[in-house]
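> Provide a 3D model corresponding to the input given below.
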Amino acid sequence: MAIRIVEDVVSPVAVSAVDMLTLEYAPDWNEWATYAMLAGGYVASALNFGGNMAKNIGIASLPLAVRSIRDRVKGGVSGKVSSRRLSFRPSAVAQLPQGIRQTVVPEFENIKVS
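Next up is the predicted model:
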C-alpha cells in the first residue's frame with residue numbers, strides 16, 4: 001500500500017502546525033482548536049466530505065484532544081502564559097511614591113477641621 005502524500009502526510013503536519021501556532025499566538029484557544037480539529041475531522045469524514053484527509057485530521061488530533069481532556073479533568077489547563085498578557089499593567093514598584101507628599105484637592109481646600 002502506497003503512501004498518499006496529501007492524505008497521509010499533510011494531515012498530521014497541518015494538525016501539528018495548528019497546535020504549534022495556537023500555542024504560540026493564542027494559548028487560550030489551543031484547547032478549543034484541538035477539539036474543533038477532532039470533531040471536524042470525524043464529522044466531515046462521516047458526512048463523506050473531505051475523504052481520507054478529513055479522517056486523518058481527526059485521527060491526528062485525537063492524542064491532543066485526549067491530553068486536553070486529561071488536563072481539564074486533572075484540575076488545570078496547561079499552557080504558556082504570554083508576556084504580552086502580563087504587561088498591560090505597570091509594575092507595583094513603579095507606583096510607589098518617593099517619600100510622603102501632601103496633596104491638596106481644590107474641592108476640599110476650604111474645609112475646616114475642628
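
> could you show me where the helices are in the chain, in order?
When secondary structure is read from DSSP state H, the chain shows helices at 11-25, 30-46, 51-74, 83-86.

> Least reliable of the ones you listed by average pLDDT, please.
Among the helices of the chain, helix 83-86 carries the lowest mean pLDDT, a mean of 54.

> Let me have the helices of the chain in JSON lines, extended by mean neighbour count and distance to residue 111.
The way it works is simple: take the backbone N, C-alpha and C, and place the C-beta from them, glycine included. Below are those laid out as JSON lines (neighbours: other C-beta atoms under 10 Å; distance: least, C-beta to C-beta, whole Å):
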{"stretch": "helix 11-25", "mean neighbour count": "15", "distance to residue 111": "54"}
{"stretch": "helix 30-46", "mean neighbour count": "17", "distance to residue 111": "56"}
{"stretch": "helix 51-74", "mean neighbour count": "16", "distance to residue 111": "57"}
{"stretch": "helix 83-86", "mean neighbour count": "8", "distance to residue 111": "42"}
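
> if I look at residue 66, how far off is residue 35?
Using C-beta to C-beta, to the nearest Å, residue 66 is found at 11 Å from residue 35.

> circling back to that earlier point, nearest to residue 2, out of the helices of the chain?
Proximity to residue 2 (C-beta to C-beta) singles out helix 51-74 among the helices of the chain, at 12.7 Å.

> Give me the angle between that closest one and helix 30-46.
Between helix 51-74 and helix 30-46, the angle comes out at 140 degrees (axes from the mean of the first three to the mean of the last three C-alpha atoms, to 10 degrees).

> now for helix 51-74, which elements pack on it?
helix 11-25, helix 30-46 (3 or more C-beta pairs under 8 Å, 6 or more residues apart in numbering; DSSP states H and E).
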